[in-house]
Every structure is written in structure tokens, then in C-alpha cells.
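Undergrad: One predicted model, sequence on top.
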Amino acid sequence: MVGKEHVLTDPQLRAGYERDWTGRFGSDALAVVRPGTVEQVAAVVALCAREGVAIVPQGGNTGLVGGSVPRGGEVVLSLRRLRELGPVDATAGQVEVGAGVTLHELQEHARAAGMEFGMDMASRGSATVGGMIATNAGGSQVMRYGSMCDQVLGVEAVLGSGQVIQRLSGLPKDNAGYDLVGLLAGSEGTLGVVTRARLRVVPRPRYRAVALLGFASVEGALEALAATRAAISSLLSADVFFREGMELVCAHLGSERPFTAAAQAYLLLEAASTHDVAPDLFHVLDRVPGVLGSAAATEPRDRQRLWAYRERHTEAINAAGIPHKLDIAVPPGAVAAFERELRALLAAEAPEARLFLFGHLAEGNFHVNIIGLPPEDERVDGLVLELVARHGGTISSEHGVGIAKARWLPLVRSEADIAAMAAVKRALDPALVLNPGVILGPLDRPA
Ligand code: MLT
Ligand code: ZN
């Protein structure tokens with residue numbers, strides 16, 4: 001169906017598709033299948049559904065919750081060959097691309113047409129459009145432009161039955177029936193396989209300014225965020241990290257700290273617009289109380305240097321050990337208490353473990369990274385997620401539920417809610433072959 005050369009069974013050729021970024025999740029695949037067209041995707045899905053062979057759809061393999069690598073014996077369906085880049089339509093503010101296009105390729109494509117794709121994240125070189133839709137990815141610009149689902153105007157996808165649905169008209173107002181596009185966004189490859197997408201592009205902000213600020217606690221960072229958000233409309237990003245992360249990243253990169261003052265919490269702000277944003281941003285920040293140290297940048301290289309302290313967290317942590325990585329969010333009012341209680345919980349329950357906390361402050365979205373725990377020991381993961389639920393938060397903010405967190409879904413979703421999701425799953429993937437176990441955990445197979 002896809003050509004012999006695109007069915008990889010040799011263990012060496014399969015290896016790059018079988019383990020995730022953290023090194024915590026992965027197993028042997030039956031084969032890696034690399035279709036080059038939507039028709040080939042549909043044929044492979046239909047065959048697997050007929051034969052009852054499980055499929056793990058995969059984009060750039062940057063997933064962090066075990067949802068895009070095999071658990072043992074599945075077909076990995078790699079969508080990376082679907083790489084068409086359609087023309088950027090400046091009138092509609094849209095572009096149509098294949099699922100295998102990387103975020104970086106999409107960003108460059110939009111920029112070449114004088115526009116911008118409104119999302120960014122450290123994995124831009126590998127993360128693909130299809131994977132970003134499947135996980136409803138977030139990143140560092142959600143405050144301004146929303147998550148991936150907010151960029152998606154339409155998709156082409158292959159459902160579990162092998163049937164193809166196409167909603168690519170790009171009509172911003174189109175209410176003819178259920179929002180299947182919205183349903184597929186965040187479905188983590190359990191309902192359908194996205195093969196193509198129609199995406200929103202926005203005016204290109206030619207002026208950017210970045211400031212990195214140090215505070216004695218996360219409360220200071222929250223106060224600074226509130227003041228900036230209220231004063232300027234050009235705020236794009238507000239990411240947060242802590243002293244341990246700064247020390248780890250500096251040691252990993254062999255770089256100096258951005259300023260000498262010792263801070264416990266760091267806030268990285270970026271403003272961007274079609275006009276010069278630096279004067280407004282720096283004017284507001286001059287008046288923010290409690291700033292222990294700061295660094296600012298407007299030129300691309302200097303901005304990148306400041307972002308590296310935040311963006312290089314993932315690789316620095318992976319180099320230090322296999323992390324238990326819990327992507328969660330709590331309401332803004334609960335952020336400070338959650339951070340305090342999380343540190344107390346770990347000190348009491350796993351004093352030998354090391355905590356690295358970072359994320360996207362505007363959404364209360366923290367990446368709780370714990371190293372020093374055995375990879376298969378999930379006791380502390382459970383305690384952390386229970387703490388999140390007690391604070392009115394979510395156990396899955398932007399990475400997905402995957403395999404990693406499926407057993408804790410009832411912490412944040414009711415029985416009725418889970419039953420409704422299972423009914424949708426059974427309707428769109430009647431043979432239950434699409435990414436089994438992801439989100440909902442094991443479901444009874446049809447006879
Ligand atoms: C990030 O914010 O850098 C990503 O979500 C990746 C991660 O959490 O490691
Ligand atoms: Zn993130």
C-alpha cells in the first residue's frame with residue numbers, strides 16, 4: 001500500500017520511532033509504516049481495523065506522555081512524509097499544510113509571505129502540525145493567540161473506520177453540524193489521524209522585546225505579570241522558571257547567569273507587535289516592585305540568549321536523569337499555594353528526588369519535572385496530580401493525557417464525562433485500533 005521501502009521492520013530503522021524524548025516511554029513496534037498520501041493513510045487504517053492491529057500515530061516524536069510511541073507490538077503510523085506547504089492566503093489569513101510539516105517549517109513559510117504562525121515552542125524543529133493538533137499543543141504564545149485548536153480552521157483526517165473526512169473550506173463561520181475539527185484537536189490520535197490542516201496566520205510582529213526578571217518568590221512574578229498585562233496589549237509570552245532550573249541550565253550549557261542577584265523565581269516576558277514595543281514594556285517593568293535583577297533584549301541574538309535559559313530546561317533535565325514529567329495547570333489564584341505545597345509534598349514524600357518546575361505563567365501551566373524516582377514508580381505522580389485537582393486544576397494542560405496520565409483522568413473528569421468520551425471513541429473508531437489505552441485507558445474490545 002505504501003511501498004516496501006516505507007514499511008520499516010528492521011529494529012535499527014525502527015529505533016528512532018520507538019522511544020520518546022524523555023526516554024521514559026517506548027517499546028517495540030510491529031513495524032513503522034510511512035504513508036505518503038491520505039489515500040495510503042486510509043488504506044493502512046482500514047487494513048489494521050479489519051485485522052484488529054493497533055496503530056500509534058506519530059508526528060515528530062516530541063510527545064512527552066507516552067502517547068506517540070509503541071507500548072508493544074503496534075504499527076507506528078508516521079505522518080512525516082505529508083509535507084505539502086500550500087500558498088499563504090493573506091486575505092483570509094490562512095494556509096493549508098500537510099500533517100508532517102514541522103512547526104519551524106510552517107513559521108518560516110508564513111514569514112516568507114510576510115505573515116506569522118501564532119504558536120511557538122522549544123520543539124519547533126521536530127514537532128509537526130499533525131502532532132500539535134492531536135495533542136492540542138500550547139507553548140509560549142497561548143496568552144495572545146490561544147492553543148493549537150484556536151489556530152485550526154479545518155482538517156482532513158482518517159477516522160478509525162478508514163473513512164476520510166475533509167473540512168478544509170476555511171470558512172470562519174461554518175456551523176453545519178457538529179464541530180468534528182474541534183473534537184479531533186486534542187484527541188491524541190484516538191479518534192482519527194489528521195493528514196492535512198487549514199491554519200490561521202496572523203500579521204507578522206516585526207518588533208519584539210524580551211525581559212528576564214528575578215524575584216524572591218513566584219508571587220512577585222505574578223504581580224509583574226498582572227501589571228504588564230493590564231498596561232500593554234502587545235504581551236506575547238510570560239514564562240516562568242525557578243532557581244534550580246536556572247542553575248541546571250547554566251551548568252548544562254556552560255553559560256553565565258544573566259545577572260548576579262540571587263532570585264528564586266524568574267519571569268520571562270516577551271512583547272511583540274507591528275510597532276516598536278520596547279519603550280512601553282520597559283516603562284512598565286521599571287515600575288514593577290520586588291525585581292531583584294533583570295536583563296532585557298531587543299535584537300534577535302540577545303533575545304534568543306535570554307530565551308535559552310527557559311527553553312533549554314527540557315534537554316538539561318533529560319541530561320540529568322529520566323524525569324517524571326507532569327504537565328498541569330492551576331487557576332492563577334492557586335499558583336503560589338500550589339508551588340509551596342508541591343515543594344512541601346516532595347520534601348516529605350521523596351526527599352531524595354529533585355524538582356524542576358517551569359512553564360507558562362499566564363495559563364497557570366507548570367511542567368513538574370521530578371528526577372531521582374524509579375521510572376515505573378508512580379506513587380509521587382499520583383500525589384502531585386491529587387494536589388493539582390484539590391486546587392481546581394487540570395492533570396493535562398498542553399502535553400496530553402497519553403498513557404502517562406490515563407489512570408488519573410477521573411480526578412478531573414466525572415463518570416458521565418468519561419462515558420460520553422468513550423461513546424465518541426467507539427463511534428469514530430469502532431474496532432478500537434487507534435492509539436488504544438491513550439486518554440481513556442483500556443476499553444473492552446468489540447467481539
Ligand atoms: C516546554 O514548555 O518547554 C514544553 O512543554 C516541553 C517540556 O515541558 O519539557
Ligand atoms: Zn510547555
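TA: Perfect, I can see it now. Numbers count the residues shown, from 1 in each chain. Ligands and ions are numbered 1, 2, ... in the order given.
Undergrad: Run through the protein and note the low-pLDDT ranges.
TA: Within the chain, the stretches falling below the threshold (pLDDT under 70) are 447.
Undergrad: Now the most centrally placed residue in it: phi and psi?
TA: Closest to where the C-alpha atoms of the chain average out (C-alpha atoms, centre = their mean) is residue 137, at 3.7 Å. Backbone torsions of residue 137, given as degrees, to the nearest 10, read phi -60, psi 160.
Undergrad: Against residue 139, how distant is the nearest residue to it once chain neighbours are set aside?
TA: Closest residue to residue 137 apart from its sequence neighbours, by C-beta to C-beta, 6 or more residues apart in numbering: residue 148 at 4.7 Å. The C-beta positions use only the backbone N, C-alpha and C, and glycine is treated the same way. The span separating residue 148 from residue 139 equals 8 Å under the rule C-beta to C-beta, to the nearest Å.
Undergrad: So which of these two has more stuff around it?
TA: In terms of neighbours (other C-beta atoms under 10 Å), residue 148 is the more surrounded of residue 148 and residue 139; the figures are 26 against 23.
Undergrad: separation between that one and residue 401?
TA: 15 Å.
Undergrad: Find the residues that touch each one of residue 148 and residue 139.
TA: Contact criterion C-beta atoms under 8 Å, 6 or more residues apart in numbering; residues shared by residue 148 and residue 139: residue 119.
Undergrad: Buried residues in the helix or strand harbouring residue 247, which are they?
TA: When elements are defined using DSSP states H and E, residue 247 is found to belong to helix 243-253. Taking 16 or more other C-beta atoms under 10 Å as the neighbour-count basis, helix 243-253 is seen to contain the buried residues 245, 246, 248, 249, 250, 252.
Undergrad: and that helix, what does it pack onto?
TA: Contact partners of helix 243-253 among helices and strands, from 3 or more C-beta pairs under 8 Å, 6 or more residues apart in numbering; DSSP states H and E: strand 265-273, helix 300-311, helix 313-320, strand 354-360.
Undergrad: burial count for the closest residue to residue 63 other than its chain neighbours?
TA: Distances taken as C-beta to C-beta, 6+ apart place residue 20 nearest to residue 63, at 5.8 Å, with adjacent residues excluded. By other C-beta under 10 Å, the residues close to residue 20 number 22.
Undergrad: what about residue 20, distance to ligand 1?
TA: When C-beta to the nearest ligand atom, to the nearest Å is the yardstick, residue 20 and ligand 1 sit 11 Å from each other.
Undergrad: Quick check: beta-bridge partners of the closest residue in space to residue 167 that isn't next to it in sequence?
TA: Excluding the flanking residues, the one nearest residue 167 by C-beta to C-beta, 6+ apart is residue 154, at 4.5 Å. According to DSSP bridges, the partner residues bridging residue 154 are residue 198.
Undergrad: which parts of this structure sit against ligand 1?
TA: On the criterion C-beta under 6 Å from any ligand atom, ligand 1 has as its neighbours in the chain the residues 121, 122, 314, 367.
Undergrad: try 8 Å this time
TA: 21, 64, 121-123, 138-140, 239, 310-311, 313-314, 317, 325, 327, 358-360, 367, 369, 398-399 (C-beta under 8 Å from any ligand atom).
Undergrad: Could you give me the ChimeraX syntax to select whichever of those residues are buried?
TA: Selection of buried members from the residues of the chain next to ligand 1 for ChimeraX, criterion 16+ other C-beta under 10 Å:
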select :21,64,121,122,123,138,139,140,239,310,311,313,314,317,325,327,358,359,360,367,369,398,399
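Undergrad: Neighbours of the nearest residue to residue 361 once chain neighbours are set aside, how many?
TA: The shortest distance from residue 361 to any non-neighbouring residue, by C-beta to C-beta, 6+ apart, is to residue 240 (4.2 Å). Other residues near residue 240 come to 26 when the count uses other C-beta under 10 Å.
Undergrad: roughly how far apart are residue 240 and residue 340?
TA: Using C-beta to C-beta, one gets 15 Å for the distance from residue 240 to residue 340.
Undergrad: likewise residue 299?
TA: In this structure, residue 299 and residue 340 are 37 Å apart, going by C-beta to C-beta.
Undergrad: Correct me if wrong: residue 21 contacts residue 65.
TA: No: under the criterion of C-beta atoms under 8 Å, residue 21 lies out of contact with residue 65, with a separation of 10.5 Å.
Undergrad: so how many other residues sit close to residue 351?
TA: Here the number of neighbours of residue 351 (other C-beta under 10 Å) works out to 8.
Undergrad: go on, the one 10 residues further on?
TA: Neighbours of residue 361 under the rule other C-beta under 10 Å: 25.
Undergrad: surely residue 48 meets residue 436?
TA: No: under the criterion of C-beta under 8 Å, residue 48 makes no contact with residue 436, lying 11.2 Å away.
Undergrad: where do the contact lists of the two overlap?
TA: Any residue near both residue 48 and residue 436 by C-beta under 8 Å, 6+ apart counts here, and that gives residue 54.
Undergrad: which stretches of the stretch 301-447 of the chain form helices?
TA: If you assign secondary structure with DSSP state H, counting those that start in this stretch, the helices in the stretch 301-447 of the chain sit at 313-320, 335-349, 379-390, 415-428.
Undergrad: how near is residue 390 to ligand 1?
TA: Computed as C-beta to the nearest ligand atom, the residue 390 to ligand 1 distance reads 22 Å.
Undergrad: and the residue in the stretch 1-150 of the chain that ligand 1 sits nearest to, what is it in contact with?
TA: For the stretch 1-150 of the chain, the residue closest to ligand 1 is residue 122, as judged by C-beta to the nearest ligand atom, at 4.5 Å. Residues in contact with residue 122, defined by C-beta under 8 Å, 6+ apart, are 311, 312, 314.
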